[in-house]
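[1] Coordinates for the following, if possible.
(2 chains)
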Amino acid sequence: MAKGNTPQAIRGTQDIFGPEAEAFAFVVETFERVRKLYRFRRVEMPVFEKTEVFSRAIGETTDVVSKEMYSFEDRGGDSLTLRPEFTAGIARAFLTNGWQQHAPLKVATHGPLFRYERPQKGRYRQFHQIDAEIIGAAEPQADVELLAMADQVIRELGIEGVTLHLNTLGDGDSREAWRAALVEYFSAVKGELSEDSQERLEKNPLRILDSKDRRDQKFVADAPKIDAFLSAEAKAFFDAVTSGLDAAGVKWKRAESLVRGLDYYRHTAFEFIPDEGSAAADALGSQSTILGGGRYDGLMESLGGAPTPAVGWAAGIERLAMLVGDHQESQTDVVVVVEDDEMVSQGQSAVSAIRDAGLSAEFIASGGKKKRFDKAVKVGSRVIIAMSDGERRVRYDEGSPDLESLAATLRSLDLDA
RNA sequence: GCGAUCGUAGCUCAGUUGGUUAGAGCGCCGGUUUGUGGUACCGGAGGUCGGGGGUUCGAGACCCCUCGAUCGCCCCA
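    A predicted model of the protein is given here:
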């Protein structure tokens, strides 16, 4: 409980600590390692941008832009927004920095994002994502490489029971034709749809397809399918993506009703979703998607740039961290405990030497003298060096690994000096 | 934006149908015991019972408002 006059944390923010912080770090470290295997280049992006970067790129009518952005006016009168996603900012950077010269450009980043939503399990107002984009590559091979990387990240995190759900939205014309057919189809039965879906009919008819409401689901099965509206080129593109995934050994599943919420998606759309009834699904509560993305060939134009094909994905670090299991903080190598205040400076010298040698060490020299050794034991270390009565005694934890090399390192330090 | 559940020490929680001075375990600090020892015992610090109002002779318990948390809807990572 906070004291009366202590300010509280902002709703939907988290103070991550202990095993959860370790799991978080494990996700980021794994991502960084895999990203280098695929030769994605690291970028660091601003946390805020001019509001129009997001409103133009993501789409004014989307929930993200219309009601979830943290926007404010700065002292110069510009409307700025805390980034709700990475892609729009990266696209802006691509255009303003002339990164066309590096195309096709593979970049990766990670960090905090902000969305004004009701927090719940796996969902926060400040959350964190890992993100990968390939910009300036029109070939389906780019989609394959990007997805292979996503798949490897998830595998290397040791996450099981998660499947790649894949769909195509076709090119711009295919998507529009499909959308029109869906509106026509659902309009005919509008009165029987859920209230939410009646509204979706106006705002985002594609989303009716993955409604959870039974009233909608009975119509969804017979709704028009994207495949009937795909141009020959769009179909060939999707076939190339799927056969490429097969060749890369990435398992996937066709998800005809998978659509993505943001306006800029074209062609490939995908999400990694826990299998129903799996431990992963259970751990995530009502959130299902842990990684999502797709191709966004039209985005650069919406920001005033030349047409530039691109694909990307992002994954929620918190959601991934919930699936990677316990990650304990690493064991301390050495604890130096001084039970005799005469020896404090010798103890301090020893700890410094041990740390300089690359071993982790805790130093205990305060509190009741009789209880210091108990404290040292409690830390849980591979070695305890106890100093008292002018003497130094060493106790090894027989159970811990590589004690020989550790002992050798300690001997080489000549701690008596 | 909507709904449900919940807020008592640093943490996990007790607290009878409303009834003296609000408790326990763990953790923390100190002491005794032990003396290569993670033990046992004793003591201590730490609480405006989330906040405000109301009902009552009397509220941590009941009512209203508010803030926050958790979970769900919407949407998303």
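[2] wait, what's in contact with the closest residue to RNA strand B within the stretch 251-400 of chain A?
    Closest approach between the stretch 251-400 of chain A and RNA strand B, counting by Cβ to the nearest atom of the strand: A:Gly261, at 1.3 Å. Using the backbone N, CA and C atoms, a C-beta is placed for each residue, glycine as well. Counting by Cβ atoms under 8 Å, 6 or more residues apart in numbering, A:Gly261 touches A:62-64, A:204, A:207.
[3] same thing but at 7 Å, please
    A:62-63 (Cβ atoms under 7 Å, 6 or more residues apart in numbering).
[4] now swap in A:Leu166 and tell me
    Each residue near A:Leu166 by Cβ under 7 Å, 6+ apart is listed here: A:252-255, A:270.
[5] Would you reformat these as CSV and include neighbour count?
    Below are the contacts of A:Leu166 laid out as CSV (neighbours: other Cβ atoms under 10 Å):
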residue, neighbour count
A:Trp252, 17
A:Lys253, 12
A:Arg254, 12
A:Ala255, 18
A:Phe270, 28
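[6] Which of these scores worst on pLDDT?
    Least confident of those in the model: A:Ala255, at 92.
[7] Okay, and which of the contacts of A:Leu166 map to strands?
    Residues of the contacts of A:Leu166 located in strands (DSSP state E): A:252-254, A:270.
[8] shaky segments in chain A?
    A:1-5, A:415-417 (pLDDT under 70).
[9] Need the CA coordinates for the host helix or strand of A:Val336. CSV is fine.
    Per DSSP states H and E, A:Val336 falls inside strand A:332-338. Extracted in CSV, the C-alpha atoms of strand A:332-338 (Å, rounded to 0.1, in the frame of the first residue of the first chain):
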residue,chain,number,x,y,z
THR,A,332,26.3,-15.4,-7.2
ASP,A,333,29.8,-16.8,-7.7
VAL,A,334,31.4,-15.6,-4.4
VAL,A,335,30.2,-14.0,-1.2
VAL,A,336,32.8,-12.4,1.0
VAL,A,337,31.6,-12.0,4.5
VAL,A,338,33.5,-10.1,7.2
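[10] contact partners of it?
    Contacts with strand A:332-338, where a contact means Cβ under 7 Å, 6+ apart, come from A:344, A:347, A:350-351, A:354, A:359-365, A:372-373, A:376, A:379-387, A:406.
[11] now with 6 Å?
    With contacts defined as Cβ atoms under 6 Å, 6 or more residues apart in numbering, strand A:332-338 is touched by A:344, A:347, A:350-351, A:354, A:359-365, A:372-373, A:376, A:379, A:381-387.
[12] State the three-state secondary structure for the residue of the stretch 251-400 of chain A closest to RNA strand B.
    When classified by DSSP: H, G, I helix; E, B strand; the rest coil, A:Gly261 comes out as coil.
[13] Out of the contacts of A:Leu166, which is nearest to A:Asp239?
    Comparing the contacts of A:Leu166 against A:Asp239 with Cβ to Cβ picks out A:Arg254 as the nearest, at 11.8 Å.
[14] Chain neighbours aside, what residue packs nearest to the closest one?
    A:Leu166 (6.1 Å; Cβ to Cβ, 6 or more residues apart in numbering).
[15] for A:Leu291, same thing?
    Using Cβ to Cβ, 6+ apart and skipping the chain neighbours, the partner closest in space to A:Leu291 is A:Ala315 (3.6 Å).
[16] Run the chain-centre distance for the helix or strand where the one you found lies.
    In the assignment (DSSP H and E), A:Ala315 maps to strand A:310-316. Going by Cα atoms, centre = their mean, to the nearest Å, the spacing between the C-alpha centre of strand A:310-316 and its chain's C-alpha centre is 9 Å.
[17] ditto for stretch A:266-277
    Relative to the centre of its chain, stretch A:266-277 is centred 15 Å away, using Cα atoms, centre = their mean.
[18] So which residues on the stretch 301-417 of chain A come close to RNA strand B?
    Listed as neighbours of RNA strand B in the stretch 301-417 of chain A under the rule Cβ under 7 Å from any atom of the strand: A:314-316, A:318-319, A:339, A:366-368, A:370-371, A:373-375, A:377-378, A:380, A:384, A:386, A:388, A:391, A:393, A:395.
[19] now the residue nearest to A:Arg254, which residues is it bridged with?
    Note on A:Leu166: beta-bridge partners A:Arg254, A:Phe270, judged by DSSP bridges.
[20] The stretch 1-150 of chain A: helices as residue ranges?
    All helices of the stretch 1-150 of chain A, identified by DSSP state H, counting those that start in this stretch, fall at A:19-37, A:51-58, A:63-67, A:87-96, A:140-156.
[21] Please verify my assumption that A:Tyr396 contacts A:Val383.
    Yes. Using Cβ atoms under 6 Å, A:Tyr396 is in contact with A:Val383, at 5.5 Å.
[22] ok, of the residues of the stretch 301-417 of chain A next to RNA strand B, which come out buried?
    Among these, the ones that count as buried by 16 or more other Cβ atoms under 10 Å are A:314-316, A:318-319, A:339, A:373, A:384, A:386, A:388.
[23] for those residues, which one is nearest A:Arg11?
    Nearest to A:Arg11, judged by Cβ to Cβ, of those is A:Glu318 at 15.6 Å.
[24] Tell me which helix or strand the closest one sits in.
    Counting by DSSP H and E, A:Glu318 is found in helix A:317-323.
[25] Helices of the stretch 151-300 of chain A, residue ranges please.
    A:172-187, A:195-203, A:214-220, A:232-248, A:279-283, A:299-302.
[26] And RNA strand B, is the third one touching that?
    So that's helix A:214-220. No. Residues of helix A:214-220 contacting RNA strand B under Cβ under 7 Å from any atom of the strand: none, with a closest distance of 9.0 Å.
[27] Can you pull the phi/psi pair for A:Gln328?
    phi -70, psi 150 (degrees, to the nearest 10).
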